[in-house]
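Q: here is my input, please return the structure:
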Amino acid sequence: MQKIIISGCNGHMGRVVADICASDPQVEVVAGIDILGQKNPDFPVFSSPASCNVEADAVIDFSHPSALAPLLEMCQARNLPVVLATTGYDQEQLETISQAAQHIPVFRSANMSLGVNVLLDLVKKAAAVLGQDYDVEIVERHHHRKVDAPSGTALMIADAAASALPYEPEYVYDRHSVRQPRGPHEIGISAVRGGTIVGDHTVIFAGRDEVIELSHHAASREVFANGAVRAAKFLAQVQAPGLYDMSYLV
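A: Purely as a prediction, here's the structure:
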């Protein structure tokens, strides 16, 4: 049985991960890390990575970008593989993650849904076929508590389209201050925040007299938690340090 530590165990996603692990005979949550240190009846909870002294096989992190540095320090010191499912990292933090991946297995994705990662492949294929004759727009919708905008997933989708387009696109996030026609080499990215929307992403390819849309709708947070647990199981089979993502699971 694989032993898991959940970083951010008392957050929305951390609790979902714990519930999924509780019903999975292949994994066991042996500890949690939460800045408030709130107790959990099923496993011990520590207020910081440094104070967590429980033996484990991997860490699943659904916390906050500010928790990255001490978490990676603990994982490297203990040679623990880590699944980073938190979003909103800045460029410096992404570089820190890449450096850590030289020493331990690190699995990182802005979206842990298998369906979203299939969507990325479809977007690449559509962009390669439709090319510069179609305008690309991305609309993402999330709950009103989400902090970062646009979502990390929307940026992943934009990057997927950009990798297949015959030109270097410009990402445009805001049009209200610019009164001019849409540029031919733009990818527009719009963010909607409201209610309890778990996560919706739509990619629009708008051409002359026709529109093609590719969409993904997440009905619950379980799709992301399931992906994170699958990633942790994958890391159990990985010996070499490196930076892994959902392409290894799709």
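
Q: what confidence value was assigned to the most far-flung residue of the chain relative to its centre?
A: For the chain, the largest distance from the centre (Cα atoms, centre = their mean) belongs to residue 209, which lies 34.8 Å off. Per-residue pLDDT puts residue 209 at 97.

Q: now do it against residue 189, distance only.
A: As defined by Cβ to Cβ, to the nearest Å, residue 209 lies at a distance of 24 Å from residue 189. Any C-beta I mention is one placed from the backbone N, CA and C, and that applies to glycine too.

Q: would you mind measuring from residue 243 to residue 153?
A: On the measure of Cβ to Cβ, residue 243 and residue 153 end up 18 Å apart.

Q: and the stretch of helix or strand residue 70 belongs to, what does it pack onto?
A: Using DSSP states H and E, the element containing residue 70 is helix 68-78. Using 3 or more Cβ pairs under 8 Å, 6 or more residues apart in numbering; DSSP states H and E, the elements in contact with helix 68-78 are strand 58-61, strand 82-84, helix 91-100.

Q: quick one: the strands in this structure?
A: 2-7, 27-33, 45-46, 58-61, 82-84, 105-108, 135-142, 170-172, 186-193, 199-207, 210-218, 242-244 (DSSP state E).

Q: what's the most buried one of these?
A: With neighbours defined as mean count of other Cβ atoms under 10 Å, the strands of the chain peak in mean count at strand 82-84, which reaches a mean of 29.

Q: parallel or antiparallel, list what pairs with that strand.
A: Here strand 82-84 has these sheet partners by DSSP bridges: strand 58-61 (parallel), strand 105-108 (parallel).

Q: touching the last one from outside, list them.
A: Applying Cβ atoms under 8 Å, 6 or more residues apart in numbering, the contact partners of strand 105-108 are 81-84, 97, 100, 231-232, 234-235, 238, 240-245, 248.

Q: then stretch 2-13 to CSV, C-alphas only?
A: C-alpha atoms of stretch 2-13 as CSV (Å, rounded to 0.1, in the frame of the first residue of the first chain):
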residue,chain,number,x,y,z
GLN,A,2,1.3,3.4,-1.0
LYS,A,3,1.6,5.9,1.9
ILE,A,4,0.5,9.5,1.0
ILE,A,5,1.0,12.9,2.7
ILE,A,6,-1.5,15.6,1.7
SER,A,7,-0.2,19.1,1.7
GLY,A,8,-3.2,21.5,2.1
CYS,A,9,-5.2,18.6,3.6
ASN,A,10,-7.9,20.9,5.2
GLY,A,11,-8.6,22.8,2.0
HIS,A,12,-11.4,22.0,-0.5
MET,A,13,-9.3,19.8,-2.7
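
Q: what's the distance between it and the middle of its chain?
A: Here stretch 2-13 is found 15 Å from its chain centre; the criterion is Cα atoms, centre = their mean, to the nearest Å.

Q: the closest residue to residue 24 other than its chain neighbours and residue 20, how far apart?
A: Using Cβ to Cβ, 6 or more residues apart in numbering and skipping residues adjacent in sequence, the residue nearest residue 24 is residue 229, 6.7 Å away. Noted for residue 229: a distance of 6 Å to residue 20, by Cβ to Cβ.

Q: more neighbours: which of the two?
A: residue 229 (22 against 17; other Cβ atoms under 10 Å).

Q: so what's that one up against?
A: Contacts of residue 229 (Cβ under 8 Å, 6+ apart): 4, 17, 20-21, 24, 27, 60.

Q: what is the nearest of those to residue 54?
A: residue 4 (10.3 Å; Cβ to Cβ).

Q: name the nearest residue to residue 43, ignoring sequence neighbours.
A: residue 29 (5.1 Å).

Q: if anything else comes up later, I'll come back, but that's it for now.
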